[in-house]
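# Make a model of this:
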Amino acid sequence: MPLRTVIERGPKGKKAVAFAVDWPGWSRGAKTADEALATLEGYRERYRPVAVLAGLGGEFDASGPLDVVEEQAGTGSTDFWGISYVPSSLERGPMDEEALERKLALLRACWAYFDGIAARVSPEMRRGPRGGGRDRDTIVRHTVRTESEYFARQVGLRIPERAALTPDGLRAHRASYLEAMRAYRRGEVKRPMRSWTLPFLIRHSAYHTMDHAWEMEDKDLSAEPPVG
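Numbers count the residues shown, from 1 in each chain. Okay, the predicted model is just below:
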């Protein structure tokens, strides 16, 4: 089966993003759509462990080539950050329980992958343009706080500042976040999202998690010989 892929271009044409709409977290940006597609394909094997963790390894391995099924205009964030910031038309319709649970399984797998990387990489990270030279713990705090204190608000979930930064707090947040998304699908959240949709929220959360997991992998110093 071809992999349904969406291209999102920034309004000023500075950057483009390609993402596999059925595999939350598998999304890459570049200066052009062709480069974004090539980068996305280049990350196929890097994303595979997520599919395996979700129990979907067989389905993932049976997937065929990337198939661009939609092209859409993004926002200023698309141009500036090189990330998708708009739901595709495939993410705007009703979402049944089976589809939701499949995507949530992949989101949980993204979290598990992120946690595993954070546990094994070096505390200090290789310096470079991406992330401004942040260390591991700074990346982890940023990733967790952005999701728990910003993304989760989209489904009515609010927690105290920094409450998800302890192991127990993170487990509680993630469980609450999953339940809040289930409640949102059932229509139990009073304030619907204005510009986001539930599938986009899941995809955006998964992308943010994986982007920083891969950042830590790329900047890991643990395998390098000590200096001096």
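
# could you pull out the helices for the protein?
With DSSP state H applied, the chain shows helices at 33-42, 44-53, 57-61, 76-81, 97-120, 136-149, 167-185, 198-219, listed in chain order.

# just those helices: most buried one?
Mean neighbour count, computed with mean count of other Cβ atoms under 10 Å, is highest for helix 198-219 among these, reaching a mean of 22. Every C-beta, even on glycine, is put in place using the N, C-alpha and C of the backbone.

# Summarise which helices and strands that helix is packed against.
Contact here means 3 or more Cβ pairs under 8 Å, 6 or more residues apart in numbering; DSSP states H and E; on that basis helix 198-219 packs against strand 27-30, helix 44-53, helix 97-120, helix 136-149, helix 167-185.

# what about S84, distance to A62?
25 Å (Cβ to Cβ, to the nearest Å).

# so where's the chain uncertain?
129-132, 224-228 (pLDDT under 70).

# domain parsing for it?
3-88, 93-219 (automatic domain parsing).

# just so I know, which of the helices of the chain lies nearest G10?
helix 76-81 (3.0 Å; Cβ to Cβ).

# CA atoms only: put that closest one into CSV for me.
The C-alpha trace of helix 76-81 is given here as CSV (Å, rounded to 0.1, in the frame of the first residue of the first chain):
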residue,chain,number,x,y,z
GLY,A,76,4.1,31.5,8.9
SER,A,77,5.3,28.8,11.3
THR,A,78,5.7,26.5,8.3
ASP,A,79,8.1,29.0,6.7
PHE,A,80,9.9,29.9,9.9
TRP,A,81,10.3,26.5,11.6
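
# What is the distance between it and the centre of its chain?
16 Å (Cα atoms, centre = their mean, to the nearest Å).

# who's in contact with that helix?
8-17, 29, 83-86 (Cβ atoms under 8 Å, 6 or more residues apart in numbering).

# Stretch 148-159 now?
161, 163-164, 169-170, 173, 176-177, 180-181, 183-184, 189-191, 193, 196, 198, 201, 204-205, 208.

# if we can go back for a sec, using TSV, lay out the helices of the chain together with distance to R126.
Conversion of the helices of the chain to TSV gives the following (distance: least, Cβ to Cβ, whole Å):
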stretch	distance to R126
helix 33-42	20
helix 44-53	18
helix 57-61	29
helix 76-81	21
helix 97-120	14
helix 136-149	11
helix 167-185	26
helix 198-219	4
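
# and M1, which of those is closest to it?
Comparing the helices of the chain by Cβ to Cβ, helix 57-61 comes nearest, at 8.6 Å.

# Quick check: which helices or strands does that closest one pack against?
Helix 57-61 packs on helix 44-53, going by 3+ Cβ pairs under 8 Å, 6+ apart.

# Now tell me what touches the helix it packs on from outside.
Counting by Cβ under 8 Å, 6+ apart, residues outside helix 44-53 touching it are 23, 25-26, 57, 59-61, 106, 108-110, 112-113, 210, 214.
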